[in-house]
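>>> Make a model of this:
(chains A, B, C and D)
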2 protein chains.
Amino acid sequence: MSSKTVSNVVNDFVHVAPATREKVLRSIAELGYQPNVTARRLVTGRTGTLELAVSDVSLPYFAELARRISRIAASRGYRLLLEQTGSSIQAERAVLHNRESGLVDGLIFQPSLLGTEELAEYTVDTPVVLLGENAVPEAVDSVMIDNVSAAREATAHLLRLGRRRVAFVGHEAYGLSETSRQRIQGFREALTRIGIAPDPALEIAAPAISSQAAADAVGRALDAGLVVDAVFCRDDLSALGTLRALHERGHRVPEDVAVVGWDDVAMSAFMRPTLTTVRPDAEELARLALEMLEQRIAGQGGPGRHVLVGHTLVVRESAP
Amino acid sequence: MSSKTVSNVVNDFVHVAPATREKVLRSIAELGYQPNVTARRLVTGRTGTLELAVSDVSLPYFAELARRISRIAASRGYRLLLEQTGSSIQAERAVLHNRESGLVDGLIFQPSLLGTEELAEYTVDTPVVLLGENAVPEAVDSVMIDNVSAAREATAHLLRLGRRRVAFVGHEAYGLSETSRQRIQGFREALTRIGIAPDPALEIAAPAISSQAAADAVGRALDAGLVVDAVFCRDDLSALGTLRALHERGHRVPEDVAVVGWDDVAMSAFMRPTLTTVRPDAEELARLALEMLEQRIAGQGGPGRHVLVGHTLVVRESAP
DNA sequence: TTGAAAGCGCTAACAG
DNA sequence: CTGTTAGCGCTTTCAA
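Model prediction:
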């Protein structure tokens, strides 16, 4: 019996006599034979593996994203390789450039630091879908939500509550990310629309994306005499830190200060007070990213597609 | 020039004349040559990839674990494949049994549902390190903390505060996991030691590991008239839900009810009140798991090693 | 329906 | 120091 016949059986091909198939299957079970993935990859050229690259999987938004992508990938027969770029732009570059060929069939990448120009230089053959809010090169597929609009809506919600001293919290102190830039832009637009001039003193940067950094930054600002009646946070982690800083200084939320977050991660519904927050349609985002990636893997050509998924403002106690 | 020379240059081997190396490097850059990982794998037998299998990466503890393992793996030149088993015992079995050979060099696996017997049946050649608290077969390496002791200490802390009606919250209603079993055991031991008979009515199960499930379960128990002055939670997620259920019913923490969690995930220091919780030495756990795995990959034989890493009770506002 | 031969792209072993 | 040869384990092509 040739290895070809075995291969046919293993891959469930036609034209194998039932008796032969039976015999092969029995031998496989007896010998504990396991096909070697690597050899198969070498000859077929497909790895059956997708890569997800984000800055830090432990950030709740990315953790939830990874869960979704991993699930969908598994349901479609793909394995998932996880890559963390940390806060290193070199690591982000490496995701695109130091690409060993044949590692994965496709890449889902949320850049944090890389700008459009560098992203655009990317011309390797691995199919890519870009996530997040970094302005994205024309040629590459991307899925994101409309950050500027969502930020405008969230801010408008605070203004509608009658708040007039609204702060923005949690953007990077140095090297403003595109994400933060767009959210701040929407924030300012909402203010301008009702005739309030954006005040730089009300934009409180933090040295890192973490509750601690936000708590420290907000705490310092408050201690320095800053007066606010609302805070719009770059993300739910910053919101958590902001809630703490306010609480420790005796400010009541939402009575004295209303707070809005971004992402609607699982814990947002359990904070005290529960958090009003921008909820991106994360399930749809993950689904579309994988769908688009699979189409490219299947050989679909054409120009980059740039898809916007929806978002909603989930109103909870912190800004009712 | 032969492909061998190129291979030598690419792999940074000795015995290549500087001039030749130079020439090769230049050609590589010009042609945009990228070595094919798969072919290399086939011939070397090493994949340079490790697998991490947990039930759900979006659970904060696993998200933080994944961050650590991913980082350490990357620093040692490994890629990381992420596998989620969800709440399916079949998926956990598949992690061990449906193993295609040559996929990864090693596996770090935290089983949630699989018992020792099934784990022990595992006799494939891929090196494995088991994480978590499931009783682990003799033959397989494992890293965990001493759950029974840690649970005893946490409960003792509550008793030392003078609390006498201490509840346990968050274990599975059906199919008690080994993790929960051990934590409950330590919980009961601490009670027994000071002469309190464990009361089943004070062990409040939840249908899932989530804040919502815990909040619902605790809320129902409270509404049914349960009186407690302390709650020991299976994990920080349950603690978050417990805090909410208590707050919604007007119970003050820690004045009326003290609360202790488990894991010390990032958000624990920002809950309101901040959470007293059991902190496993997660960094050491991750480090050791990878170290042991690498030793096995390097061919080290010998019986299974079962390492305990340390833990501390981090005392914060919820149980001062 | 099954077998034999070729070859995916690389590295190990060895010879030059 | 550099080139040649063989072969990793599989699938593909082609012949029987």
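>>> In chain A, where is pLDDT below threshold?
A:1-2, A:14-15, A:123-124, A:134-135 (pLDDT under 70).
>>> what residues does it put near DNA strand D?
A:3-4, A:7, A:10-11, A:34-36, A:39-40, A:42-44 (Cβ under 7 Å from any atom of the strand). Where you see a C-beta, it was placed from the backbone N, CA and C, and this is true even at glycine.
>>> just those that are near chain B?
Contacts with chain B within the residues of chain A next to DNA strand D, as defined by Cβ under 8 Å from any Cβ of the partner chain: A:34-36, A:39, A:42.
>>> Need the max-distance pair from the residues you listed.
Maximum pairwise distance among these (Cβ to Cβ): 16.5 Å, between A:Q34 and A:L42.
>>> So for the two, which sits in the more crowded spot?
Shown here are A:Q34 and A:L42; by other Cβ atoms under 10 Å in any protein chain shown, A:L42 has more neighbours (19 against 16).
>>> Could you tell me how far A:L222 is located from A:D229?
Computed as Cβ to Cβ, to the nearest Å, the A:L222 to A:D229 distance reads 13 Å.
>>> just to revisit the earlier point, can you add distance to DNA strand C and secondary structure and give the ones next to chain B among the residues of chain A next to DNA strand D back as JSON lines?
Conversion of those to JSON lines gives the following (distance: Cβ to the nearest atom of the strand, whole Å; DSSP: H, G, I helix; E, B strand; the rest coil):
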{"residue": "A:Q34", "distance to DNA strand C": "18", "secondary structure": "coil"}
{"residue": "A:P35", "distance to DNA strand C": "13", "secondary structure": "coil"}
{"residue": "A:N36", "distance to DNA strand C": "11", "secondary structure": "strand"}
{"residue": "A:A39", "distance to DNA strand C": "7", "secondary structure": "helix"}
{"residue": "A:L42", "distance to DNA strand C": "4", "secondary structure": "helix"}
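>>> Relative to B:P200, which of the residues you listed is nearest.
Of those, the one sitting nearest to B:P200 (Cβ to Cβ) turns out to be A:Q34, at 46.3 Å.
>>> any idea how chain A splits into domains?
A:3-34, A:48-143+A:281-309, A:147-280 (automatic domain parsing).
>>> For B:R193, find the nearest of those domains.
domain A:147-280 (33.0 Å).
>>> touching chain B at all, that closest one?
Yes. Domain A:147-280 lies within reach of chain B by Cβ under 8 Å from any Cβ, at A:210-212, A:215, A:240-241, A:243-244, A:247, A:266-267, A:269-272.
>>> all strands for chain A, in order.
Per DSSP state E, chain A carries strands over the ranges A:49-54, A:79-84, A:106-109, A:128-131, A:141-145, A:166-172, A:203-206, A:230-233, A:258-262, A:276-280, A:306-309, A:311-314.
>>> so of these, which one's packed in deepest?
strand A:230-233 (a mean of 31; mean count of other Cβ atoms under 10 Å in any protein chain shown).
>>> which residue does the stretch 51-200 of chain A bring closest to DNA strand D?
Closest contact between the stretch 51-200 of chain A and DNA strand D, by Cβ to the nearest atom of the strand, is at A:G102 (12.3 Å).
>>> Next one: that residue from B:V104, what distance?
Counting by Cβ to Cβ, the gap from A:G102 to B:V104 is 16 Å.
>>> Comparing the two, which shows the higher neighbour count?
A side-by-side neighbour count of A:G102 and B:V104, using other Cβ under 10 Å, places B:V104 first with 26 against 21.
>>> which residues touch the more buried one?
If you count contacts by Cβ atoms under 8 Å, 6 or more residues apart in numbering or on different chains, B:V104 has them with B:47, B:49-51, B:81, B:126.
>>> let's see it at 10 Å
Going by Cβ atoms under 10 Å, 6 or more residues apart in numbering or on different chains, B:V104 touches A:37, A:79, B:46-52, B:78-81, B:83, B:126-127, B:297.
>>> Quick check on it: phi, psi?
Per-residue torsions, B:V104: phi -140, psi 160 (degrees, to the nearest 10).
>>> Would you state the helices of chain A in chain order?
Assigned by DSSP state H, chain A shows helices spanning A:3-10, A:18-31, A:37-44, A:60-75, A:89-96, A:116-121, A:147-160, A:178-193, A:211-223, A:236-248, A:282-297.
>>> can I get the CA coordinates of the first one in PDB?
Read it as helix A:3-10. Only the C-alpha atoms of helix A:3-10 are listed here, as PDB (Å, rounded to 0.1, in the frame of the first residue of the first chain):
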ATOM      1  CA  SER A   3       1.600   6.500   1.100                       C
ATOM      2  CA  LYS A   4      -0.700   8.000  -1.500                       C
ATOM      3  CA  THR A   5      -3.500   5.800  -0.500                       C
ATOM      4  CA  VAL A   6      -3.000   6.700   3.100                       C
ATOM      5  CA  SER A   7      -3.000  10.300   2.200                       C
ATOM      6  CA  ASN A   8      -6.200   9.900   0.300                       C
ATOM      7  CA  VAL A   9      -7.900   8.300   3.300                       C
ATOM      8  CA  VAL A  10      -6.600  10.900   5.800                       C
END
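>>> so how far is it off the chain centroid?
Mean C-alpha position of helix A:3-10 versus that of the full chain (Cα atoms, centre = their mean, to the nearest Å) differs by 42 Å.
>>> Who are the packing partners of it?
Packing partners of helix A:3-10 (3 or more Cβ pairs under 10 Å, 6 or more residues apart in numbering or on different chains; DSSP states H and E): helix A:18-31.
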